[in-house]
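> Predicted model and sequence below, questions to follow.
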Amino acid sequence: MSTIPYTHWAYFPDRASAEDCAKELADYVTRISEPDPAITPKWQLLAARDVEVSRLVERHREVEAIVTRHGGDYDGGEATYESGRPVADPMIVDRDEN
């Protein structure tokens, strides 16, 4: 089975909603960021993990439903590659290294 790293992006009106959503995404590496008023007044949640390619659409829909259930706006997801190798979203990896 082939897997790829995949990161989902979501935005929430408050930190509590983002945290509740992250708890339900326990099998993901999650990061919550405070709003940047210059960009958006919403809290950002990144959720990353390796996903089997054959289940990518199914997992995408599952995460979107979880985000929506917690009052968030789902902004999609993406596979990320760095230096020719797949990695979780660099924003998450960079934070883990610091």
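Arrived safely, thanks for sending. Numbering: from 1, shown residues only.
> residues in contact with stretch 38-51?
3-15, 17-18, 21-22, 25, 27-35, 59, 63, 67, 72-73, 88-89, 91-92 (C-beta atoms under 8 Å, 6 or more residues apart in numbering). Where you see a C-beta, it was placed from the backbone N, CA and C, and this is true even at glycine.
> Pull out the buried positions in it.
Residues Lys42, Trp43, Gln44, Leu45, Leu46, Ala47, Ala48, Arg49, Val51 are the ones in stretch 38-51 that count as buried (16 or more other C-beta atoms under 10 Å).
> Tell me the pLDDT of the fourth one.
Think Leu45. Predicted confidence (pLDDT) at Leu45: the value is 96.
> does it have beta-bridge partners, and which?
Beta bridges link Leu45 to Ala10, Ile32, judged by DSSP bridges.
> Grab the most central residue of this protein for me.
Ala47 (2.4 Å; C-alpha atoms, centre = their mean).
> For the closest residue to it other than its chain neighbours, list the residues it contacts.
Ranked by C-beta to C-beta, 6 or more residues apart in numbering and with sequence neighbours excluded, the top spatial neighbour of Ala47 is Tyr28, at 4.0 Å. Listed by C-beta under 8 Å, 6+ apart, the contact set of Tyr28 reads His8, Ala22, Ala47, Ala48, Arg49.
> isn't the first one right next to Gly76, touching?
If I follow you right, that is His8. Yes: in this structure, His8 is within contact of Gly76 by C-beta atoms under 8 Å, at 7.4 Å.
> Which one's more surrounded, these two?
When His8 and Gly76 are compared for neighbours, His8 comes out ahead with 26 against 11, by other C-beta atoms under 10 Å.
> distance of the more buried one from Ala47?
5 Å (C-beta to C-beta, to the nearest Å).
> which neighbours do these two share?
With C-beta under 8 Å, 6+ apart, His8 and Ala47 have common neighbours Tyr28, Val63.
> ok so, going back, and the contacts of Tyr28, which two are furthest apart?
The largest separation in those, counting by C-beta to C-beta, is between Ala22 and Arg49 at 12.5 Å.
> Understood, closing this out.
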